[in-house]
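> Below is the sequence, then the predicted model.
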Amino acid sequence: MSIFRRFWQSPSRKDCVINFAVLGVFALIIIGVVLGTVLPKRHKALQLESDSLDLVSTLVEYSDVFSTTSDWSSETNEPTSFTDYFEDTEDDSSVSIPSITSTAPTASTKTVASVTSTSKMETKSEVSSEESSSDLSSSEGHESVSTENSPDYTTERALWGLTYSPYNTDGSCPDLATVVSQLQKVAGVTGNIRLYSTDCSQLRNALQAITSSNLNLGIHAGIWISDGAPRMQSDLDEFIAAAKQYDSSLVKGVSVGNEDLSKGMSEATLIGYINKVRARLQTEGLGHIPVYTTEQDALFSQSLATVCDLVQINVHTIFDSAFTSIDTSVQSVIHRVNTVKANVARGKLVRVGETGWASAGNTGPSPLTLANEISYVQKFRCAARKSGLEYFYFEAKDALWKQGQALSEQNFGIFSAQYTPKFNFLDLSSC
């Protein structure tokens, strides 16, 4: 105590103590301020670190979910892993990071995450879809180009058009499944088919097959008039019903009759049928469908062409009275088409409704063999392409249903009666 008292009583020492006390107070104040500022920040940092660890844990859980839901991703075309959302996004200001629900869903629900994204992945998907759609349209406007459900016989479909008669070998009507199967094969060869009638529900079945199977075929329909007005009316009624039931834009035109002048019908009667069909279609809201007839080129007059929306002619050099070569026969078809263009059509489109070569039988001097059929279709196809000619090759399958007719009439098909190719269609892929 005596020492402390002596120390306290010394003025100089008192001053020192006071000074130290003041400095101590200031030091405590400064320490308090510093601690008050740093500790909350440290607390926040620790909280952020904790949140970050939680987020990492969540991402790991989502990664597990994505890795166990490959069946979901294949069904919805969504990315198969979380990191896929961020691919190809460099320098893309439009990308926003997906928002994720706080609770990771189970894989069994196939609900992976609530995701909001404007990534390039979506844009690429849209562009790809648009490019695919554009590929499905032909520049000619008569066909679309997709063979999703069709055999890929060629790099491009070999023939502009093909005539199609669906009848079974015994002449009976095929069911819808048969028509679907046949047209799936036909769609691998051509983008257009020509029908001759609406009997056996062939127009309705063809429209159903094209629609349900997504086949890229345009239908050029037919109304049969050779058996008189009642049959014509029946075919017309069925044509209208089928066109209204399905997409009428699939119907590219309708031929009123086939070679009826050569069967003895008068031109006035034929013109009357054509006008009646056109008037009915206009009344039914189907006036956009072209109406015309199909006749042998030698019998097609200017008067007949006047009432037709286009001139469709059958040209078969296989029945000529002389034969020189397949090349000559093909060039004869092109010459006869050009003659009709110059003398009959008056600027209207001229299309070949039938031309072909039989693989068996006898029509005169023309040698009917499979080798000549192949040669004819190859060379005609190239000549028609060079001339910019639309045509229907005759015909899809061997018509064994034409019992009692000439053998040649039963063997024009590029398919057998069982719808197997009679030759390699890849041979038609180039000129």
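In hand now; what should we look at?
> Show me which parts of the host helix or strand of residue 235 are buried, residue by residue.
Residue 235 belongs to helix 229-245 when assigned by DSSP states H and E. Using 16 or more other CB atoms under 10 Å as the test for burial, helix 229-245 gives 232, 234-236, 238-240, 242-243. Heads up, the C-betas are built off the backbone N, CA and C, glycines and all.
> for the next helix or strand after it, packing partners?
Downstream of helix 229-245, the next assigned helix or strand under DSSP H and E is strand 251-258. With contacts taken as 3 or more CB pairs under 8 Å, 6 or more residues apart in numbering; DSSP states H and E, strand 251-258 sits against strand 218-223, helix 229-245, helix 267-283, strand 291-296.
> what's the angle from the first one to strand 291-296?
Here strand 218-223 runs at 80 degrees with respect to strand 291-296, directions being taken by axes from the mean of the first three to the mean of the last three CA atoms, to 10 degrees.
> So what touches strand 218-223?
142-144, 161, 191-198, 203, 206-207, 210, 232, 235-236, 239, 250-258, 273, 277, 294, 392 (CB atoms under 8 Å, 6 or more residues apart in numbering).
> and that strand, which strands flank it?
Sheet partners assigned to strand 218-223 using DSSP bridges are listed as strand 192-194 (parallel), strand 251-258 (parallel).
> Dump it to CSV, keeping only the CA atoms.
Extracted as CSV, the C-alpha positions of strand 218-223 are listed here (Å, rounded to 0.1, in the frame of the first residue of the first chain):
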residue,chain,number,x,y,z
GLY,A,218,-50.3,-35.9,-103.5
ILE,A,219,-53.5,-37.6,-104.8
HIS,A,220,-54.7,-37.0,-108.3
ALA,A,221,-58.2,-38.5,-108.1
GLY,A,222,-60.5,-39.9,-110.7
ILE,A,223,-64.2,-40.1,-111.3
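> okay, now residue 163: neighbour count?
By other CB atoms under 10 Å, 26 other residues sit near residue 163.
> Residue 286 now?
Residue 286: 18 neighbours (other CB under 10 Å).
> what's the pLDDT at it?
The model reports residue 286 with a pLDDT of 98.
> so how far is residue 259 from it?
Separation of residue 286 from residue 259 (CB to CB, to the nearest Å) stands at 25 Å.
> what about the nearest residue to residue 367 once chain neighbours are set aside, neighbour count?
Once flanking residues are discounted, residue 367 sits nearest to residue 323: 7.0 Å by CB to CB, 6 or more residues apart in numbering. For residue 323, the neighbour count with other CB under 10 Å is 16.
> Identify the residues contacting residue 323.
329, 364-367.
> one step back: what angle separates the helix holding residue 235 from strand 251-258?
170 degrees.
> got the contact list for residue 422?
Going by CB under 8 Å, 6+ apart, residue 422 touches 359, 370, 373, 398, 413-416.
> quick revisit: buried deepest among the strands paired with strand 218-223, which one?
Of all the strands paired with strand 218-223, strand 192-194 carries the top mean neighbour count, a mean of 27, counting by mean count of other CB atoms under 10 Å.
> and it, what's its mean pLDDT?
98.
> buried ones in the next helix-or-strand element following that strand?
Scanning forward in sequence from strand 192-194 by DSSP H and E, the next helix or strand is helix 202-213. In terms of neighbour count (16+ other CB under 10 Å), helix 202-213 has its buried residues at 202-210, 213.
> any chance of the residues you listed in CSV, plus pLDDT and distance to residue 177?
Formatted as CSV, the buried residues of helix 202-213 follow (pLDDT from 0 to 100; distance: CB to CB, whole Å):
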residue, pLDDT, distance to residue 177
202, 98, 14
203, 98, 17
204, 98, 14
205, 98, 10
206, 98, 13
207, 98, 15
208, 98, 11
209, 98, 9
210, 98, 14
213, 97, 11
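> Can you point out the buried residues in stretch 365-374?
Quick answer for stretch 365-374 (16+ other CB under 10 Å): 366, 368, 372-374.
> now do stretch 170-190
174, 179-180, 182-190.
> May I have the distance across it, first residue to last?
Using CA to CA, to the nearest Å, one end of stretch 170-190 lies 26 Å from the other.
> So residue 259 sits against residue 294, correct?
Yes - between residue 259 and residue 294 there is a contact at 6.8 Å, judged by CB atoms under 8 Å.
> Need the residues touching each of these two.
Listed as contacting both residue 259 and residue 294 by CB under 8 Å, 6+ apart are residue 314.
> which of these two has more neighbours?
The residue with more neighbours, out of residue 259 and residue 294, is residue 294; 25 against 17, by other CB under 10 Å.
> for that one, what are its contacts?
Contacts for residue 294 (CB under 8 Å, 6+ apart) come out as 222, 255, 257-259, 312-314, 353-354.
> returning to that earlier point: for the residue nearest to residue 367, give me phi and psi.
Dihedral angles of residue 323 (phi, psi; degrees, to the nearest 10) stand at phi -130, psi 130.
> Check the gap between it and residue 267 for me.
Distance of residue 323 to residue 267, computed by CB to CB: 31 Å.
> same thing with residue 243?
27 Å.
> repeat for residue 346
Counting by CB to CB, the gap between residue 346 and residue 267 amounts to 17 Å.
> Neighbour count: these two, which is higher?
Set side by side, residue 346 and residue 267 show more neighbours around residue 267, with 17 against 11, by other CB under 10 Å.
> My read is that that one contacts residue 300, right?
No - assessed by CB under 8 Å, residue 267 is found out of contact with residue 300, at 9.9 Å.
> list the contacts for residue 383?
With contact set as CB under 8 Å, 6+ apart, residue 383 has these partners: 330-331, 333-334, 389.
> thinking again about what came up before, export the helices and strands packed on strand 251-258 as CSV, with columns for distance to residue 306.
Listed next are the helices and strands packed on strand 251-258 as CSV, based on distance: least, CB to CB, whole Å:
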stretch, distance to residue 306
strand 218-223, 19
helix 229-245, 21
helix 267-283, 9
strand 291-296, 11
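> how about the ones you listed, which one is nearest residue 427?
Checking the helices and strands packed on strand 251-258 against residue 427 by CB to CB gives strand 218-223 as the closest, at 24.5 Å.
> coming back round to it: quick check, nearest of the buried residues of helix 229-245 to residue 402?
The closest of the buried residues of helix 229-245 to residue 402 turns out to be residue 235 (CB to CB; 19.9 Å).
> list the contacts for that closest one?
Residue 235 sits in contact with 197-199, 222-225, where contact means CB under 8 Å, 6+ apart.
> And the strands in this protein, which stretches?
Secondary structure of the chain (DSSP state E): strands at 162-163, 192-194, 218-223, 251-258, 291-296, 311-314, 350-355, 391-393.
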